[in-house]
Every structure is written in C-alpha cells, then in structure tokens.
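A.B. asks: just to be clear, the model below is a prediction. Sequence and coordinates:
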Amino acid sequence: MTRGPRRPAAGVGAAVGAVLTVLLLALAGCSALGSARLPERTSAAPTPTPSLPATADAFRDARTFALAAESGHLVGTLGTGAAAVRIDLEGSASGANQRLVRAVRGRGTAVVLTVGDGHWLAGDEAFWRTRTPNAADARARVGTWAPVRAADARAVGPETLRGVLEATFSRPAVAALEEDPAPVVDDEVEGRPAWRLGTEDGGARVWVAAAGGGEVLRVAVSGKGAVDLTTTGWERATVWQPPAAGDVPDLG
C-alpha cells in the first residue's frame with residue numbers, strides 16, 4: 001500500500017504562522033524606533049554683557065556730582081615743572097572750613113587752616129624764610145600756628161575745593177569730553193573699579209566710580225597748567241577746629 005506525503009497538523013501550522021507574525025511586527029517596531037529623531041539638546045542663552053555708557057553721559061554725571069558736593073578731599077599737583085604746586089586740600093567746598101597743605105619747590109611747605117573767620121598759618125623753615133628774612137625768626141616759627149588775616153591766608157593758599165574743581169572742569173580738554181560719544185573704558189583707581197573718560201593723547205582723563213552716579217575718583221589734564229588730582233571723602237570731609245594752644249601743626 002502506497003502512503004502519500006505527511007501533512008502537518010493544522011494546529012502546528014497555525015502556531016508557526018503566529019510566531020512569524022510576531023517576529024515581523026517586532027522587526028517593524030525596531031525599524032520605526034531606529035528612524036525616530038531624538039530631541040535636540042538646547043543650551044541656555046548667554047547672559048548679555050551690560051553695555052558701557054558713552055563718555056559724554058558719564059562726564060555730565062561726573063561734573064554735576066563734583067560741582068554739587070559740599071565737601072571733599074583733593075590730593076595731587078597743579079601745574080608742571082618748577083611751577084608745580086603739591087596740594088592736600090580737605091574741607092568744605094566754599095573754603096569756609098578747610099585745611100590746605102601746599103608745597104612748592106624751593107619755597108617749602110605751608111599749611112593754611114581756615115575755620116569760619118579765623119585763619120592760621122604753619123610751615124617748615126623754608127616756607128617761613130619766604131615770610132621773614134631773619135633765619136632765627138623763621139626757625140622759631142616752625143612747629144607753631146600763627147594767626148593771620150584772611151588776605152594773608154589767601155595769599156599763601158588761595159585754593160578751595162570748589163574753586164579747583166570749577167577751574168579743572170572748565171579746561172577746554174576736559175569740557176570737550178561732554179561731546180565724546182565713545183564708550184568709557186573699564187579701569188581702576190587705587191583698587192576701586194572705575195570708568196575712564198578720555199585719553200592721554202586727548203589731553204584730559206577723568207575717572208569715575210564704575211557703579212555709576214558720577215563719583216569722581218581722579219582727574220588728569222596734561223600740557224600747560226597740568227592737573228593730576230585724586231578725589232576722596234566726598235561729603236565726608238573733616239570738620240576742622242581752631243588750633244588749641246600748644247598744638248603742633250601736621251605738615252604731612
């Protein structure tokens with residue numbers, strides 16, 4: 001008896017078909033996943049750097065601040081060469097209460113103290129020799145205060161805080177900064193962050209506190225009648241008192 005080919009059972013065929021279907025679906029899923037785009041990484045936007053103000057704007061703030069101050073402290077030089085005067089001036093803007101130390105080459109160091117209507121002079125021997133031809137008399141005056149008239153005090157030390165500042169800010173090279181559109185330059189003055197206005201080649205530079213507001217830290221003007229002053233103690237200057245008997249002047 002001849003037997004025909006064996007046919008797989010119906011249940012086995014169905015199982016194989018199910019397995020193939022599962023495999024095909026799995027492969028299709030892998031293909032879909034492989035083609036999916038991953039989300040792109042985004043970076044935080046950089047913090048913008050604050051722009052620096054224009055020289056003209058910063059200068060106007062500085063001039064307003066300086067000329068409106070009621071008191072302050074200036075240290076530096078006025079003039080150049082043999083005519084240069086070294087000053088240390090602290091007090092009220094009007095000069096009604098101030099102490100001025102003034103040193104001139106070949107003429108010694110003088111101190112002019114003004115308290116209201118009172119005026120006193122002190123100085124080293126070189127200074128007193130300009131006031132009296134007698135060497136012994138000049139030496140005797142060293143280390144003492146001498147009361148003087150207002151005219152004599154002004155003859156020795158005419159500078160006041162406001163007078164020096166007004167003269168400095170009215171200099172052509174300084175006043176020209178009001179028209180300068182260039183941005184200020186980051187700098188520092190004695191460790192304090194500052195903005196520098198102007199250039200040495202331009203003949204004038206003004207340094208102000210970088211925080212804004214116009215606080216003047218230094219002013220430098222080159223050429224004839226040069227000025228180089230550092231400014232501190234705005235609105236915090238010492239209030240001076242008349243010298244007491246036996247007080248020894250500080251010439252520093």
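C.D. replies: That came through fine.
A.B. asks: any stretches of the protein with poor pLDDT?
C.D. replies: 1-50 (pLDDT under 70).
A.B. asks: one more pass at 50, please.
C.D. replies: 1-36, 38-39, 42, 48 (pLDDT under 50).
A.B. asks: where do the helices sit along it?
C.D. replies: Ranges of helices within the chain are 10-35, 55-68, 125-129, 135-141, 150-156, 161-169, 172-175, based on DSSP state H.
A.B. asks: in the last one, what counts as buried?
C.D. replies: This means helix 172-175. residue 174 (16 or more other CB atoms under 10 Å). The C-beta positions use only the backbone N, C-alpha and C, and glycine is treated the same way.
A.B. asks: now for that helix, which elements pack on it?
C.D. replies: strand 204-209, strand 216-221 (3 or more CB pairs under 8 Å, 6 or more residues apart in numbering; DSSP states H and E).
A.B. asks: turn those strands into JSON lines, including mean neighbour count.
C.D. replies: JSON lines is the format used below for the helices and strands packed on helix 172-175 (neighbours: other CB atoms under 10 Å):
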{"stretch": "strand 204-209", "mean neighbour count": "24"}
{"stretch": "strand 216-221", "mean neighbour count": "24"}
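A.B. asks: out of those strands, flag the one nearest residue 162.
C.D. replies: strand 216-221 (13.1 Å; CB to CB).
A.B. asks: what does the closest one rub up against?
C.D. replies: 62, 65-66, 168, 171, 173-174, 189-190, 192, 194, 200, 203-209, 226-232, 234 (CB atoms under 8 Å, 6 or more residues apart in numbering).
A.B. asks: tell me which strands it pairs with, and in which orientation.
C.D. replies: strand 204-209 (antiparallel), strand 227-232 (antiparallel) (DSSP bridges).
A.B. asks: make JSON lines from those and add distance to residue 77 to it.
C.D. replies: Compiled in JSON lines, these are given as follows (distance: least, CB to CB, whole Å):
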{"stretch": "strand 204-209", "distance to residue 77": "15"}
{"stretch": "strand 227-232", "distance to residue 77": "5"}
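A.B. asks: nearest to residue 106, out of those strands?
C.D. replies: strand 227-232 (20.3 Å).
A.B. asks: is residue 168 in contact with residue 229, as I believe?
C.D. replies: Yes - the criterion here is CB atoms under 8 Å, and residue 168 meets it with residue 229 at 7.3 Å.
A.B. asks: OK, contacts around residue 52?
C.D. replies: Residue 52 neighbours (CB under 8 Å, 6+ apart): 183-186, 195.
A.B. asks: and the residues you listed, which are buried?
C.D. replies: Counted by 16+ other CB under 10 Å, the contacts of residue 52 give 184, 195 as buried.
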